[in-house]
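Q: one predicted model, sequence on top.
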Amino acid sequence: MRVRATIRLRLAVVYTIVLVATSGVLLAVNDVLLYQSLYAQVDGALIERSGVPPPTKAPDGSFGDPDKEPKFRFDQEVRAELRAEALRDSIGTSAIALLIAALVAMGVSWLVAGRMLRPLRTLTAATRRISQDRLHERIALTGPRDELKELADTFDAMVERLEASFRSQRRFVADAAHELRTPLTIVRTGTEVQLAKRNSGPEQWEAAARRVLTATGRAERMLDGLLALARSDSGVIAGEPYDLAVAAATALTEVDAEAETAQLHLTNDLRPAPVTGDPALLDRLLGNLVGNAVRHNHHGGWVDVVTAQHDGVVVVTVRNSGDVVPAAEVERLFEPFQRLAAGRAAGARSTGLGLAIVRSIVRAHQGTVTATAHDDGGLTVTVTLPAQVAN
């Protein structure tokens, strides 16, 4: 049967090998010192304690006193045997101790590794439990601030972001369905009413057709906005040189008639603002900024558009007059289908996606967007993008 090489088993084996290797080195050093003690120090210690020097040898190798030679040789043999026996006993005892230490180390290492890896089992169990419908669960690991605690906290933060993303996605889908239902309901209701009239004249059919045309135009603009939002959110964009001053001039031209109808005073200071990005999305970015500034304004108001480049970035600033926007509500305007008042109806050309698309396009181009409310009404929206790098 193949043993599963878990992290716990590998850690236990590593700890055991390190401990046994360390113990083996210590025992080897101990045996070497014992050997030195038995062979290098014992004779000197015995002579020093007894006070009797060893018999001296004659030049021919014999002992001066023949009676002492057999006794001396016997003593030497006994000492050699005792030393060898002592070394064998020491080595045998060391081997047994090393084996016992290895077994004990394996058991202790297994327990310690299991205790250290317990948070990982908690993390694994939580990962298996969490799904799209159970994103509210958290690991909430307690204990010292170590690598495992940091991993668990990072996982909790990731799940929190996923929960917010799914919640935002569900809200977006619900809002989109609600917003699309409105023009479709207008088309269906108008058609049913018109068909129910038996004596409808050309004027009535023309009026009904215009209502249908307006409703379908609104639905088309909303779908176009949703597609632009999905495209910019995907992060797959072109990387071509483009001047935002040109995009701003085009956007101002497109709203000229609408601004004239509302008697808005348009001013601009369009200086070169070269960037690298997707021209279609950048045109949409400026079109939404300028279009929002014109549509969310009051009669006889003003709009100011400025583009500039400095310190390696391009800055687009769009200011306008309009209704007073509470400072706490400014950030909410960048969410899809968000309006300042709950009962406020959308304009004929408003889709509720303008600033949401702006923020998504800016993020796709590695930029930032901020909005500031004026005390007397209106907003200042500032977009900052990396400037085009000169070759």
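A: Yep, that arrived. Numbering: from 1, shown residues only.
Q: tell me where the protein has strands.
A: 240-243, 265-270, 274-277, 302-310, 313-320, 368-373, 379-386 (DSSP state E).
Q: switch those strands over to CSV; also include mean neighbour count and mean pLDDT.
A: Just so you know, the C-beta spots here come from the backbone N, C-alpha and C atoms, and that holds for glycine as well. What follows is the strands of the chain, written out as CSV (neighbours: other C-beta atoms under 10 Å; pLDDT from 0 to 100):
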stretch, mean neighbour count, mean pLDDT
strand 240-243, 16, 90
strand 265-270, 14, 94
strand 274-277, 20, 90
strand 302-310, 19, 94
strand 313-320, 22, 94
strand 368-373, 16, 92
strand 379-386, 19, 93
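Q: same list, these, but as a markdown table with distance to R181 please.
A: Below are those laid out as a markdown table (distance: least, C-beta to C-beta, whole Å):
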| stretch | distance to R181 |
| --- | --- |
| strand 240-243 | 37 |
| strand 265-270 | 35 |
| strand 274-277 | 34 |
| strand 302-310 | 32 |
| strand 313-320 | 30 |
| strand 368-373 | 29 |
| strand 379-386 | 29 |
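Q: this protein: helices as residue ranges?
A: In the chain, the segments counted as helices under DSSP state H are 7-36, 42-50, 68-116, 118-129, 147-196, 202-234, 244-254, 256-261, 279-295, 354-364.
Q: how about these, which one is nearest V316?
A: For the helices of the chain, proximity to V316 was assessed by C-beta to C-beta; helix 244-254 is nearest, at 5.7 Å.
Q: how about that closest one: buried residues?
A: L244, A245, V246, A247, A248, A249, A251, L252 (16 or more other C-beta atoms under 10 Å).
Q: with pLDDT and distance to A373 added, can I get these in CSV?
A: Shown next, in CSV, are those (pLDDT from 0 to 100; distance: C-beta to C-beta, whole Å):
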residue, pLDDT, distance to A373
L244, 94, 24
A245, 93, 26
V246, 93, 29
A247, 92, 25
A248, 94, 22
A249, 93, 27
A251, 91, 22
L252, 93, 23
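Q: same list (these) but as JSON lines, adding distance to I100.
A: Output for the buried residues of helix 244-254, formatted as JSON lines (distance: C-beta to C-beta, whole Å):
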{"residue": "L244", "distance to I100": "78"}
{"residue": "A245", "distance to I100": "83"}
{"residue": "V246", "distance to I100": "84"}
{"residue": "A247", "distance to I100": "80"}
{"residue": "A248", "distance to I100": "83"}
{"residue": "A249", "distance to I100": "87"}
{"residue": "A251", "distance to I100": "84"}
{"residue": "L252", "distance to I100": "88"}
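Q: out of those, which two sit at the greatest distance?
A: Most distant of the buried residues of helix 244-254, by C-beta to C-beta, are L244 and L252, 12.4 Å apart.
Q: tell me the pLDDT of the residue nearest in space to the middle of the chain.
A: For the chain, the residue whose C-alpha lies nearest the mean C-alpha position (C-alpha atoms, centre = their mean) is M158; its distance is 6.7 Å. With respect to pLDDT, M158 has a value of 83.
Q: what's the answer for A208, then?
A: 76.
Q: cool, and V255?
A: 91.
Q: please report the distance of the closest residue in space to it that isn't next to it in sequence from D146.
A: Counting by C-beta to C-beta, 6 or more residues apart in numbering, V255 lies nearest to V294, which is 4.6 Å off, once chain neighbours are set aside. Distance of V294 to D146, given as C-beta to C-beta, to the nearest Å: 57 Å.
Q: measure V290 to A238 for me?
A: From V290 to A238 the distance is 22 Å (C-beta to C-beta).
Q: got the domain boundaries for the protein?
A: If you go by automatic domain parsing, the domain ranges for the chain are 7-55+66-116, 143-234, 238-386.
Q: any idea which of those domains is most buried?
A: Stretch with highest mean neighbour count among those: domain 238-386 (a mean of 18; mean count of other C-beta atoms under 10 Å).
Q: gap between the two ends of it?
A: Length of domain 238-386, first residue to last, C-alpha to C-alpha, to the nearest Å: 15 Å.
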